[in-house]
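> test case, fold it:
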Amino acid sequence: MQIVLILILIVLLLLLCSTTLALRGESGDGIFWKALSSLLAIFFGSILVGMTFGIITAYVMKNRERHENESESNTEMTILFLIPWVSYLIAEVLMT
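Residues are numbered from 1 along each chain as shown. Coordinates of the predicted model:
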């Protein structure tokens with residue numbers, strides 16, 4: 001549980017850093033709220049994309065057909081490698 005909290009803290013700090021860099025040079029009264037809304041949008045958007053792909057992966061792994069000579073570990077490793085990569089690509093597209 002402590003590792004999960006540490007990872008969430010690291011992600012929040014990285015998001016805060018990127019938000020600060022994106023808003024560099026801007027000033028005014030609403031800068032704090034603009035930064036906070038950007039940070040929360042990125043954070044919850046990332047969670048939504050990750051949960052969506054997690055559900056899709058669970059569904060595919062549960063309902064796929066298994067052949068006699070198919071190695072289950074190779075299929076799982078391929079899916080576990082591709083899903084985070086595709087999830088990252090979709091998150092990058094949504095950010096632009």
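> for the top helix by length along the chain, which helices and strands make contact with it?
As assigned by DSSP state H, the longest helix anywhere in the chain is helix 31-63. Identification of packing neighbours for helix 31-63 by 3 or more CB pairs under 8 Å, 6 or more residues apart in numbering; DSSP states H and E yields helix 2-22, helix 72-95. (C-beta placed from N, C-alpha, C; glycine too.)
> weakest of the ones you listed by average pLDDT?
Comparing mean pLDDT over those, the weakest stretch is helix 72-95, at a mean of 74.
> show me what counts as buried in it.
Using 16 or more other CB atoms under 10 Å as the test for burial, helix 72-95 gives 83, 87, 91.
> can I get those residues in CSV including distance to residue 48?
CSV is the format used below for the buried residues of helix 72-95 (distance: CB to CB, whole Å):
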residue, distance to residue 48
83, 15
87, 11
91, 10
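> which of those sits closest to residue 34?
Closest approach between these and residue 34, by CB to CB: residue 91, at 20.9 Å.
> residue 44 is in contact with the closest one, correct?
No - between residue 91 and residue 44 there is no contact under CB atoms under 8 Å: 11.9 Å.
> between these two, what contacts are shared?
Counting by CB atoms under 8 Å, 6 or more residues apart in numbering, residue 91 and residue 44 have no contacts in common.
> still on that earlier bit, turn the helices and strands packed on helix 31-63 into TSV, including distance to residue 40.
Shown next, in TSV, are the helices and strands packed on helix 31-63 (distance: least, CB to CB, whole Å):
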stretch	distance to residue 40
helix 2-22	9
helix 72-95	14
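> can I get stretch 37-49 in PDB, CA atoms only?
What follows is stretch 37-49, C-alpha atoms only, in PDB (Å, rounded to 0.1, in the frame of the first residue of the first chain):
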ATOM      1  CA  SER A  37      -7.600  22.600 -13.400                       C
ATOM      2  CA  SER A  38      -5.000  21.500 -15.900                       C
ATOM      3  CA  LEU A  39      -3.400  19.200 -13.300                       C
ATOM      4  CA  LEU A  40      -6.700  17.600 -12.300                       C
ATOM      5  CA  ALA A  41      -7.700  17.100 -16.000                       C
ATOM      6  CA  ILE A  42      -4.500  15.300 -16.800                       C
ATOM      7  CA  PHE A  43      -4.600  13.200 -13.600                       C
ATOM      8  CA  PHE A  44      -8.200  12.100 -14.000                       C
ATOM      9  CA  GLY A  45      -7.900  11.700 -17.700                       C
ATOM     10  CA  SER A  46      -4.900   9.400 -17.300                       C
ATOM     11  CA  ILE A  47      -6.800   7.400 -14.700                       C
ATOM     12  CA  LEU A  48      -9.800   7.100 -17.000                       C
ATOM     13  CA  VAL A  49      -7.700   5.900 -20.000                       C
END
